[in-house]
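Colleague: coordinates only, no sequence provided:
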């Protein structure tokens, strides 16, 4: 089974592209959805122990937690030390299930693939990208997003140019959904023809 690491900076269209892989029948592990699930389950008591007052009714309040860790690198490292091993275990279980089902390709949707060192866990890296102007317009259209917050998020992510250099393939989303779908299909055809 070929394991693809799907990544991309904020606003590049990674979530939509992950959906295009799903549309082609490819199993996709969504790291962000996994974190959301963990915040309402196993991670909640661990996070509450380290960050008291961040859990409400058994669920991590992301706004309160974010306010505590976003500008504090030490607190962010503590949070990552709690969450990343749990996500990694869920990811491994997903891959085991995909292999058992006979999948030829599986996708790990990991926004911070390079930043967390997860690139060593995949066979190929697929970057989702778009022109900077498209990225900016998409992100600033999100509710509650400000130019300052966008800049702060970008500052924590590896630059797109460096991700392009390190990726095995790039899905360009600036030309719209149909173009991205064609690129996904072409990539899958290329990978599966080598099997």
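Modeller: Sure thing, it's come through. Keep in mind the model is a prediction, meaning the values are calculated, not measured.

Colleague: quick check: closest non-adjacent residue to residue 131.
Modeller: Of all residues not flanking residue 131 in the chain, residue 174 sits nearest, at 4.9 Å (Cβ to Cβ, 6 or more residues apart in numbering). (Glycine included, C-beta is placed from N, CA and C.)

Colleague: check residue 32 too.
Modeller: Closest residue to residue 32 apart from its sequence neighbours, by Cβ to Cβ, 6+ apart: residue 111 at 6.6 Å.

Colleague: picking that back up, where's the residue nearest to residue 131 relative to residue 43, distance?
Modeller: Separation of residue 174 from residue 43 (Cβ to Cβ, to the nearest Å): 35 Å.

Colleague: where's the residue nearest to residue 32 relative to residue 14, distance?
Modeller: Plainly put, residue 111 is 7 Å away from residue 14 if you go by Cβ to Cβ.

Colleague: what do you get for residue 67?
Modeller: From residue 67 to residue 14 the distance is 25 Å (Cβ to Cβ).

Colleague: the more surrounded of these two?
Modeller: Comparing residue 67 with residue 14 by other Cβ atoms under 10 Å, the one with more neighbours is residue 14, at 24 against 12.

Colleague: need the contact list for that one.
Modeller: Neighbour list for residue 14: 6-8, 109, 111, 128 [criterion: Cβ atoms under 8 Å, 6 or more residues apart in numbering].

Colleague: and with 6 Å instead?
Modeller: 8, 128 (Cβ atoms under 6 Å, 6 or more residues apart in numbering).

Colleague: re the thing from before, hang on, the residue nearest to residue 131 packs against residue 133?
Modeller: No. Residue 174 is beyond contact range of residue 133, at 8.6 Å (criterion: Cβ atoms under 6 Å).

Colleague: neighbour count: those two, which is higher?
Modeller: Using other Cβ under 10 Å as the criterion, residue 174 and residue 133 rank with residue 174 on top: 16 against 9.

Colleague: partners of residue 106 in the sheet?
Modeller: According to DSSP bridges, the partner residues bridging residue 106 are residue 3.

Colleague: list the contacts of it.
Modeller: Contact partners of residue 106, counting by Cβ under 6 Å, 6+ apart, are 1, 3, 27, 98.
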